[in-house]
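Peer 1: the sequence and its predicted three-dimensional model are supplied below.
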Amino acid sequence: MKILHVNTGDHLIANEAIFQAGPVGAGLITCLFDNVKKSGAICYTLFITPRKDTSKVGLHLSKSLPLLIQQMMANGSTIKNIVAKVCGGAQILEPPPLLNWAETFIDHINELFKNNNILSAGCDLGGHASRRVEFNTQTGQVLIKSGLSEIVL
Amino acid sequence: MSILEKVLSRVNTLPSLPEAVARLSKAVRDPNSTATAIESIIRPDPALTTNLLKLANSAFFGFTKEITSVKQAVSLMGQNRVYELALSGAFSRVIPPHLNGYNISSRDFWLHSIAVGVLSEKIASKITRQLPEMIFTTGLLHDLGKIPIAAFIEKEDGLTTAFSDNQNLPAIEIEQKIMGTHHAEVGGVMAQTWNLPRLVELVILAHHSPNEVNNKADQQIVDIVHLADALAHMAGLGTNPWGLHLKVEPQTISRLNIGFDIIESILTESIEPIYSMASTISFHKNQKRTSLNS
């Protein structure tokens, strides 16, 4: 299994890999998994929808998600087999309104998954600690380390 | 000996800035200084020259043609920018492999430092007509004080545990509680030791307390770095597990008069240049960035 490091703004697809992402602060890690094809894709975004049109797709989930789905389908997946797991969206302590945009992630994410016909298979959002994430594209397991805790989606 | 004195004694055990950087600092303040004079200071130090050229050729500066000499860098970027890059390269050499207590690797500490430098400059470019001098460096060096504190923690029994037991607090409050001093104060002293410009010292000292700065022009720069630091942590740029445990002064946002559109465009424009610039210097684990980004 190859290990691929995922930085802020990256979106990647692989058949046999472990994606390692983080630290993830207010951003979002979205993992797409096809249990039949045993393949996966991941993106590390900071926002949901761009306010202005931008040629860079990496930082906005509304742009990265359709692209990744398209790439997975080109790789042999069918849409009904793809599920999504998402984590991140932590906040700084007492954020001023300008910096609290992660608060609304959950509503937008669900809407975005629905619009792209993707089922959500788990999420871990919020809190004040950054996360490190490991996504195994063979098992679909998403291991999240946050502060002293560790959870599996 | 007080804890502050003990921490500060660690400053003297850290690698000092190369002699060339100190000489360069004087040279760039001399209005009669030439590109040839700057080159003659830097070129005898091969490591300094190499790091400077690597940084100058990063995507952040966007030069289409490779910069191959210090003289060329001076003519294209100016003396102040060359000083900033020389200082950046020298700074990268004093970062230890791991910063005890903060639970952060040299690679992530460097990435965070570069991120705050780039973001500070980007914020300044959006809100001011003329870029404040040394704005990149003020951001780059804002957490300088964490280096001697980490070295101190490593040598003192129980301090690493004391840090991890208090991780629900902002780092600066943990430091104050456990040691009676904090990285901003220690960084200010280190800036003096390194003979850094007054403004760099001030920003290091005040980057968590911008409301305490009296002079308006200085306060704006401190506000910029204060915000850049928060954005870098939020964007996961070299943050540690508890990096989001920080407070952003609401007055900073009001004073900078900045909106979400600007924040979004600052981050959108900065991420690639930050990774590009940070990756020019190799640390212990140089992970290649893999991307399908279009």
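Peer 2: Good, I have the coordinates.
Peer 1: quick one: low-confidence parts of the stretch 151-294 of chain B?
Peer 2: Applying pLDDT under 70 to the stretch 151-294 of chain B flags the ranges B:284-294.
Peer 1: what residue in it comes nearest to chain A?
Peer 2: When distances are taken as C-beta to the nearest C-beta, the stretch 151-294 of chain B reaches nearest to chain A at residue B:234, 4.0 Å away. Yep, even glycine has a C-beta here, placed from its N, CA and C like the rest.
Peer 1: count the neighbours of that residue for me.
Peer 2: 28 (other C-beta atoms under 10 Å in any protein chain shown).
Peer 1: ok, and the closest non-adjacent residue to it?
Peer 2: residue A:26 (4.0 Å; C-beta to C-beta, 6 or more residues apart in numbering or on different chains).
Peer 1: show the pLDDT at the one you found.
Peer 2: Looking at residue A:26, its pLDDT reads 94.
Peer 1: circling back to that earlier point, who touches the residue of the stretch 151-294 of chain B closest to chain A in this structure?
Peer 2: A:25-27, A:46, A:92, A:99, B:244 (C-beta atoms under 8 Å, 6 or more residues apart in numbering or on different chains).
Peer 1: verify the stated contact: the residue nearest to residue B:234 with residue A:88.
Peer 2: Yes. Using C-beta atoms under 8 Å, residue A:26 is in contact with residue A:88, at 7.2 Å.
Peer 1: give the residues shared as contacts by the two.
Peer 2: Joint contacts of residue A:26 and residue A:88 (C-beta under 8 Å, 6+ apart) are residue A:102.
Peer 1: show me what the helix or strand harbouring residue B:109 is packed against.
Peer 2: Assigned by DSSP states H and E, residue B:109 belongs to helix B:106-127. Counting contacts by 3 or more C-beta pairs under 8 Å, 6 or more residues apart in numbering or on different chains; DSSP states H and E, helix B:106-127 is packed against helix B:79-92, strand B:98-99, helix B:135-140, helix B:216-234, helix B:260-278.
Peer 1: can you say which of those is packed in most?
Peer 2: helix B:135-140 (a mean of 27; mean count of other C-beta atoms under 10 Å in any protein chain shown).
Peer 1: just to revisit the earlier point, in the helix holding residue B:109, what's buried?
Peer 2: B:106-124 (16 or more other C-beta atoms under 10 Å in any protein chain shown).
Peer 1: one more: stretch B:44-51?
Peer 2: B:45, B:48-49, B:51.
Peer 1: just to revisit the earlier point, can you say which of the helices and strands packed on helix B:106-127 is nearest to residue B:165?
Peer 2: Residue B:165 lies closest to strand B:98-99 among the helices and strands packed on helix B:106-127, at 17.5 Å (C-beta to C-beta).
Peer 1: touching that closest one from outside, list them.
Peer 2: Contacts of strand B:98-99 (C-beta under 8 Å, 6+ apart): B:104-106, B:109, B:146-147, B:150.
Peer 1: show me what contacts residue A:13?
Peer 2: Contacts of residue A:13 (C-beta under 8 Å, 6+ apart): A:39-42, A:68, A:71-72, A:75, B:292.
Peer 1: among those residues, name the ones in strands.
Peer 2: The strands, defined by DSSP state E, take in A:39-42 from the contacts of residue A:13.
Peer 1: out of those residues, who's the most crowded?
Peer 2: Neighbour counts for those peak at residue A:40, which has 30 neighbours (criterion: other C-beta under 10 Å).
Peer 1: OK, contacts around the closest residue to chain B within chain A?
Peer 2: In chain A, no residue comes nearer to chain B than residue A:26, which is 4.0 Å away by C-beta to the nearest C-beta. Listed by C-beta under 8 Å, 6+ apart, the contact set of residue A:26 reads A:46, A:88-92, A:99, A:101-102, B:234-236, B:244.
Peer 1: could you dump the contacts of residue A:13 to CSV with distance to residue B:74?
Peer 2: Compiled in CSV, the contacts of residue A:13 are given as follows (distance: C-beta to C-beta, whole Å):
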residue, distance to residue B:74
A:39, 51
A:40, 48
A:41, 45
A:42, 43
A:68, 45
A:71, 45
A:72, 49
A:75, 49
B:292, 38
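Peer 1: ok, so of those, who is nearest residue B:57?
Peer 2: Checking the contacts of residue A:13 one by one against residue B:57 (C-beta to C-beta), the nearest turns out to be residue B:292, at 24.1 Å.
Peer 1: need the strands for chain A, in chain order.
Peer 2: A:2-6, A:11-14, A:17-24, A:28-34, A:39-45, A:82-88, A:119-125, A:131-136, A:142-146, A:149-152.
Peer 1: return the alpha-carbon coordinates of the second one using CSV.
Peer 2: Listed next in CSV are the C-alpha coordinates belonging to strand A:11-14 (Å, rounded to 0.1, in the frame of the first residue of the first chain):
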residue,chain,number,x,y,z
HIS,A,11,-7.8,16.3,-4.1
LEU,A,12,-6.6,12.8,-4.9
ILE,A,13,-7.9,9.4,-6.0
ALA,A,14,-6.2,6.0,-5.6
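Peer 1: okay, buried residues for the lowest-mean-pLDDT helix or strand in chain A please.
Peer 2: Of all helical and strand segments in chain A, the minimum by mean pLDDT, DSSP states H and E falls on helix A:105-115, at a mean of 88. By 16+ other C-beta under 10 Å, the buried positions in helix A:105-115 come out as A:105, A:108-109, A:112-113.
Peer 1: ok, now stretch B:187-206?
Peer 2: Within stretch B:187-206, judged by 16+ other C-beta under 10 Å, the buried ones are B:187-191, B:194, B:196-197, B:199-206.
Peer 1: of all pairs in those residues, which one is the farthest apart?
Peer 2: B:194 and B:206 (17.5 Å).
Peer 1: flag every residue of the stretch 101-250 of chain B that's near chain A.
Peer 2: By C-beta under 8 Å from any C-beta of the partner chain, the part of the stretch 101-250 of chain B that sits against chain A consists of B:108, B:167, B:170, B:230-231, B:233-248, B:250.
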